[in-house]
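A.B. asks: Everything below, folded, please.
(chains A, B and C)
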Amino acid sequence: MKRNLITGFFIFLLAFTAAIIAPLVFLTEYAGRAAMARMEKLAPLLPEQKLVYFRLLGDNEGRFIAIGFYIFVAAFLVSLFLGSKILGAIKDLKTAADAVNGGKSSGDVPLPGEGELRDIALAFNGLAAALRQKDDELARKNRYMGLMTDALWVINDENLVVEINPSFTRLLGYEPEDVLNYRVFEFVDEEGEKMLRKHLLSCAQGNSSSCELRLISKQGSLKPVTISWSAIPGEEGEVKNCVGILRDFRRETELRGELKEALDYQRAIMDSMPEKLIVLDRELRIVMANKAANDATGGGLAGKQCHWAYGYENCTAANCPVRRAFSAGRPQKEVIGRAKGQDHEYHEVIAYPVENAPGDIRHVVAIYRDITEKRRLEAEITRKNTELGSLLEISKTLNQSLKSEEVFNPVLERLLALMGMDGGCVFLLDEMGVELSLKYSKGLSAGFLEKNSTFRLSDDIPGKVASSGRIFTTADLPADPRTEASVFRHTGMKACLASPMQGGEKINGVILLFSFAGREWTEMDENLIRAAGQAAGMALENIRRYEKMRQLFTHLKWRKDEERKKLAQIAASVAGMSDPDQTLDNLLVILQDLMRADFIWLLERDEGEGLVVRSAPGGGISRGLAPYEKGAGLEAESMEKGDVLIASAENAEGAFSVPPCLEAERFKAACAVPVPSGGDGRPRCAIGLYFRRFRQPGAEDLSFLRMMADMLNVALGQARLQKEASLGKSMAAAILDSIEDGIFAVDPHGSVIAINRTAAGMAGTTEDDALGRMFTGLFDDVADNARLNLLFIEGLTESLKGRHTYRELAMRTANRVSIPIVLTSYPVPDEAGGTAGIVFELRDLSRNQEITRLKSEFVRSVSQEFRDPLSAIVGMSEMLLDGETPEGKKAVYLRAILSEGQQLERIITDYLNLAEIEGGPEKLRIRPVDLRKLIADVAHEFGPLAGRKGIAISLEVEDGLQVEGDAEKLKYMLRNLLENSITYSGENGSVKIEAQTAAGGIDLTVKDTGWGIPEADRRHMGEKFYRGTLSEGTKGTGLGLSLSKRIVHMHGGTINIDSIAGAGTTVRLRLPLRRQTGE
Amino acid sequence: MSKIMVIDDEPFILMMIEDKLKRAGFQVITQRDSSTAAGRIRQERPDLVILDWIMPGVSGIEICREMKSDPGLANIPVVMLTAKGQEDDEKLGLKCGVDRYIVKPFSPKALLENVIEILERGAAR
Amino acid sequence: MVEIPSITPGAGLSVTLALAALGLSALHSSFDALLISLILGMFAANFIEKGSSLKAGVRFCVDYVLPAGMGLYGSQMLLAGDGRLWLYVLGSGLLIFAITFLVARGFGLDDEITLLLSAGLSTAGAGAIALVSNAWGTDKQDTSASVISVIAVGLVGMLVMGFYPQGLGFGPHRTALLMGATLPTLGMVAAIGSAMDPGALRLAASFKLLRTILLGVLLLVIFLKRKGAARCRRFPWFIILFAGGALAVNLLPGGNRLSAALAPASQFVTSVGLAATGLCVEFDSAPGKGLMPLATSLFSWGISVLFIYLVMKTL
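C.D. replies: Presented below is the predicted three-dimensional model:
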């Protein structure tokens, strides 16, 4: 059964309703029964009536109950609503209470309007809020405890640990469950327990305290800690718990130890200091004093006032450094001087303020030092520094220049300034060391200077100083007995100081300083002047040396310049050597000039070990002359020796002899310089220099000569090489040009470095033009030669790999003709094994082809030549045998056969002649030949042929013409010429043969009025097998003219052919009477 | 009787051929000068022409060309005698219309046979 | 589907309560089984610690048994006489619905409670509330508050009207009409009608049942409206049952006998359903809704009844 408000109310209402209804029902029952009883009294009731009445009663009673029930239900239901607010509020309270019980914080309960419920709600809210706050506080507290770095534990009055924080765990390793509700004494040792008890007791009384003890950590080790105890009072004020904050004491112990150590060190340091050290507080009371301080004052300084320490009463705020240190916060220093007998004592006080942790100055450390000695030393040092400084200045001045007037005047002034003198002068000793001259002065009158400009050594002050080398000082010149005789006495000088100037070993001067007032000379002064004197002396020496050197240098420079000029000349001429001999002459001239010789020549060793003159630019002596007998001569000797030789009439070392050709010149000295030949051998030549006036050449001259000889060697070598090179070059060029094929060479980049005439011609350019151009494109100027260029490139690449190529192709030449060529490329190796360049060769095959063609043509024409005669012979023979010949023609046929046979023989003879002539001139049978008869015979031979064409042959031959030659060949030749004239003429022409004697020979002319020789054929006249453009249809071998030419040449003659196309041809021969040697 | 014209600059050969052909019963006209040969042919209208190839002036092949280009002469068969024996030449010759090509030295008998054959063939056409 | 073992506790309880109610109603005619079973159910819900074991059974009875019973009551709707009277009844029902709706809205009540109160007061009381709640998907608080309001108001009305029906100044038929047209539940009608003759009672009952048609219409509308929503409940099939029953007893010969025969069954089944409905009501939640539902119901029902009474008086 739900026990809640509603239930309670329900039951109450039910009871209430029942309490009302029940009496009502009873009342009704009673009243009914009473009514019925009364009615029965009046009249007896029938049982049915009774029943009805009872039923009615019952019904009403029932109704009452039912109505009562309904009313109850309705009332209950309505009151539910009416009570909704209350119920609602109660519900909220219940929810909140449940939340609180459940540990969750609840929000505020909404307040019902008024009445008790409101108060309850308010009270509840307040409680809930308080509870929440308490929760927050608790949570905060726990957080703080958790965040605390220091360990914390709470001990209650039963000495149990009731609480710890996480830092406790960190410190000792115990988790809460290890510790809570354990007795605290379980975590300490015996000693600790005692202490704990004491402190807990004290804490329980409400006191705070702290103790140091050791706690046992979870690992079992003892940890030193400090515990600060505080009491936690309860509500009534009695202490229920003590809270202890634990700190790891170990670190502190260490720090304490370190601190103690530091303090010990500090004490030790303080006591080790020789200076007196005291530490003062703000009241200037001595807090601490070191050993030195205590010893000095008899001890027990601690606690006493500052003044007492020093026995120094009159320190004020201004001059007391300690006070100042306190106020300024920075170290302060003060020097206190005290008189002590004759001297002064100086003490230094340095006060250092000491800041403590907050930055306040609570103490000052004062150090008290006796600085008397220090000051003295300082003064000494300062003095020395001044001295050094002065000397340095003087040295600087001395070193500034190497000119004496620039040096001594400033030095003098400087010295005067430094030493505070009124004047001074500088005496310089001459080179002999005899005389001192007054060179530089200040403060002396001109008159004095004039009179007293020189002093002899040992004379007067300067002289004495110079000779003795000692410083002279006097405080009062006039009174000084030493200077009785001095010229300086009456000059007004009072104090005087003179020092020698010594550079190195010798004294070279004296410095003298004076002042018009008396003066005591200090050691320092003397030191200064001595040092100055030394410096000046050395400077003077340097100056003098410098002068000497400068002179020497100037002279040498001049010498060198001269030589350089000459050498430049020589070099220029050697470089531009076009004519080696001329250059050589120039060289020799230059050398002669340089050596100031009177004659020079260059002698060369010839094949026979003698010497011949190679060059003698002076003229008069010609090249090739051999001035000496074999092996004699200075030059030969020098060549033997391999070095320069000098001979003169004076020193007559060995005989001084002049070659005979030079005797007249009266040379007095000679110098022979051999020219090394490089490499191994002995010198091949030598230079001879001859002098009229002798001058011994110095070492430089000799080395120069040697150098010249070397240069000469180089020059000669170069000349030789050049000649060879140029010879080689021209030979190579000649060879190249003579080659019929086109040859050119390119470098590895493809630019043309050499080209012969043929190749240039093919490319349609000149050799000079072609040089340097790119090889691809060289032939493109005339036509597109793409394939050629490709092959060029191929050739290049292959050559770079070290291979050569061979290709056949067609190229277009400058004539726009396409000719077949063979292109070959060869690499030219360099010394390193690479390719220095590539050589290309273009061989025209057309000539070969042409020749081949002509040859086959020749063969063909030969066979053709044969065929005609053979046809006649064969045909006619056949017909004769067959009996086919017409009557009476047999003889004709036979004659024809004979004739044709003879023709054949002639043809064969021709070819045999050709073969013979090809064999060479040795095959000729030389005999005297009657030319007249020969010509006549030949003309007669051709009579019929000429007659057939209507051509007239005329002769004009001198009588008695005779030549030496091969008659047969000559005849053949003439036949050929005549045949040509006839063959290549039209009808009714004429052929004239003339022959007469001419200078050294015979002129023979064959003139015809034929077709002439066309332009195209002219070039090929005389070529073997060349038939000419007009030869189509004619019989011939194409050999005739070439053979004729050959025959003429073999006889040592010449042949010329003139021809005008269409007008005729004239062939002119010249034959020598006697055959000369050679072709 | 068929008329045959022979043109050759070699007199012996000319004579030989003339004799042979006459003996065979042909009418023969000979010509040495090749330059006027063409005109002669036109004049004579032979039934067959025998030409030598290589002649001074106009060559046999030229005469043949001329003949073949002239419609009136084109039908006349041409026999070429020549020392040129190469294939190219033969081709050239045949291209120019030469009916028969005879290489020197030749047999007159063979020549005659060729001539007869050509004439008979021509007649048959 | 339903597992017999799980529904047994709840269904059993409902049945037990229904039987108790029937028993009580047998004692006196003023105790009507329907009403009593609902009341007993309400009391039982709040006084017995409700275990979850009862939930399934109760749910089942509410979902299935109640509509079945209400459907069966169609057979009890014997309509006779003036058709116009039927219109009066329906009109009254609509009037009550409308006024309650407007008043509830005017008082600022939300949709669910408005609908439940309107449905409960105008059509079939707690049963209607239960069915509409199922169809619409209202929460328990709204349902409980509506049921309590409607029953409370109905009881008050019942007590007022039934205490002295003759004071109303109508003849028995008119009284029956008034009661049938206004009282929320059949049980209340029956409880009052015990003071009248059986014929009038039956008439009143029929009139009351006529208003159930409105419930059917409302449920249909809700069903159609909600068809798409996830909260789609099943088609209010009890309408078919109700219509079938009503048609059967009114049109078939021997309908009266059929009606009489089905009476006990319909009464029992509906009692079980109403007992289960009562078991769903939480007294705790009613206060949460405040006074408004009750006030609304009282006010609107009061005005509607007064208006209908005055109309009837004048007619």
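
A.B. asks: Show me the shaky parts of the stretch 201-315 of chain C.
C.D. replies: Within the stretch 201-315 of chain C, the set of residues satisfying pLDDT under 70 comprises C:226-235, C:286-289.

A.B. asks: Which parts of it are helices?
C.D. replies: For the stretch 201-315 of chain C, the helices defined by DSSP state H, counting those that start in this stretch occupy C:238-251, C:255-280, C:285-288, C:292-314.

A.B. asks: Can you name every helix or strand that the last one contacts?
C.D. replies: In this structure, helix C:292-314 makes packing contacts with helix A:47-82, helix C:83-106, helix C:111-119, helix C:140-163, helix C:172-182, judged by 3 or more CB pairs under 8 Å, 6 or more residues apart in numbering or on different chains; DSSP states H and E. C-beta: built from backbone N, CA, C; applies to glycine.

A.B. asks: What are the buried residues along the second one?
C.D. replies: By neighbour count, and taking 16 or more other CB atoms under 10 Å in any protein chain shown as the criterion, the buried residues in helix C:83-106 are C:85, C:88-90, C:92-93, C:95-97, C:99-101, C:103-104.

A.B. asks: who's in contact with it?
C.D. replies: By CB atoms under 8 Å, 6 or more residues apart in numbering or on different chains, the surrounding residues in contact with helix C:83-106 are C:79, C:113-115, C:117-119, C:121-123, C:177, C:180-182, C:207, C:210-211, C:213-214, C:296-297, C:299-301, C:303-304, C:307-308.

A.B. asks: Can you pull the residues of chain B lying near chain C?
C.D. replies: Residues of chain B lying near chain C by CB under 8 Å from any CB of the partner chain: none.

A.B. asks: Next one: the residue in chain B positioned nearest to chain A from chain C, what distance?
C.D. replies: In chain B, no residue comes nearer to chain A than B:A83, which is 3.5 Å away by CB to the nearest CB. Applying CB to the nearest CB, to the nearest Å, the value for B:A83 to chain C is 124 Å.

A.B. asks: Kindly report the same for A:L222.
C.D. replies: A:L222 is 63 Å from chain C, by CB to the nearest CB.

A.B. asks: contacting residues for that residue?
C.D. replies: Per CB under 8 Å, 6+ apart, neighbours of A:L222: A:D189, A:R214, A:L215, A:I216.

A.B. asks: about what we covered before: so how do I select the buried members of the contacts of helix C:83-106 in PyMOL?
C.D. replies: Buried subset of these, written as a PyMOL selection, criterion 16+ other CB under 10 Å:
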select buried, chain C and resi 79+113+114+115+117+118+119+121+122+123+177+180+181+182+207+210+211+213+214+296+297+299+300+301+304+308
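
A.B. asks: which one of the helices and strands packed on helix C:292-314 lies closest to B:V98?
C.D. replies: helix C:111-119 (131.2 Å; CB to CB).

A.B. asks: packing partners for that closest one?
C.D. replies: helix C:83-106, helix C:125-136, helix C:140-163, helix C:292-314.

A.B. asks: Please tell me I have it right and A:R812 contacts A:A786.
C.D. replies: No. The pair A:R812 / A:A786 is not scored as a contact, 10.4 Å apart, by CB atoms under 8 Å.

A.B. asks: Comparing those two, which shows the higher neighbour count?
C.D. replies: Remark: of A:R812 and A:A786, A:R812 carries more neighbours, 18 against 10, as counted by other CB atoms under 10 Å in any protein chain shown.

A.B. asks: With distance to A:T522 and mean pLDDT added, can I get the helices and strands packed on helix C:292-314 in TSV?
C.D. replies: Shown next, in TSV, are the helices and strands packed on helix C:292-314 (distance: least, CB to CB, whole Å; pLDDT from 0 to 100):
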stretch	distance to A:T522	mean pLDDT
helix A:47-82	133	82
helix C:83-106	132	84
helix C:111-119	129	86
helix C:140-163	127	83
helix C:172-182	151	77
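
A.B. asks: could you redo these as CSV and give each row distance to A:Y546?
C.D. replies: Shown next, in CSV, are those (distance: least, CB to CB, whole Å):
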stretch, distance to A:Y546
helix A:47-82, 138
helix C:83-106, 132
helix C:111-119, 128
helix C:140-163, 129
helix C:172-182, 153
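
A.B. asks: quick one, which of the ones you listed is nearest to A:D98?
C.D. replies: Across the helices and strands packed on helix C:292-314, closest to A:D98 is helix C:140-163 (CB to CB), at 19.6 Å.

A.B. asks: Kindly calculate the angle that that closest one makes with helix C:125-136.
C.D. replies: 160 degrees (axes from the mean of the first three to the mean of the last three CA atoms, to 10 degrees).

A.B. asks: Give me the neighbour count for C:F223.
C.D. replies: 17.

A.B. asks: Likewise for A:R140?
C.D. replies: 10.

A.B. asks: phi, psi of it?
C.D. replies: When read as degrees, to the nearest 10, the backbone of A:R140 gives phi -60, psi -50.

A.B. asks: Check A:D459 too.
C.D. replies: Dihedral angles for A:D459 - degrees, to the nearest 10 - are phi -100, psi 130.

A.B. asks: follow-up on the earlier one: out of the helices and strands packed on helix C:292-314, which is closest to C:I7?
C.D. replies: Closest among these, using CB to CB: helix C:140-163, at 19.1 Å.

A.B. asks: quick one: the closest one near chain A?
C.D. replies: Yes. Helix C:140-163 comes into contact with chain A (CB under 8 Å from any CB), by way of C:I148, C:S149, C:I151, C:A152, C:L155, C:V156, C:M158, C:L159, C:F163.

A.B. asks: Which of the residues you listed has the largest number of neighbours?
C.D. replies: Neighbour max across those (other CB under 10 Å) = C:S149, 31 neighbours.
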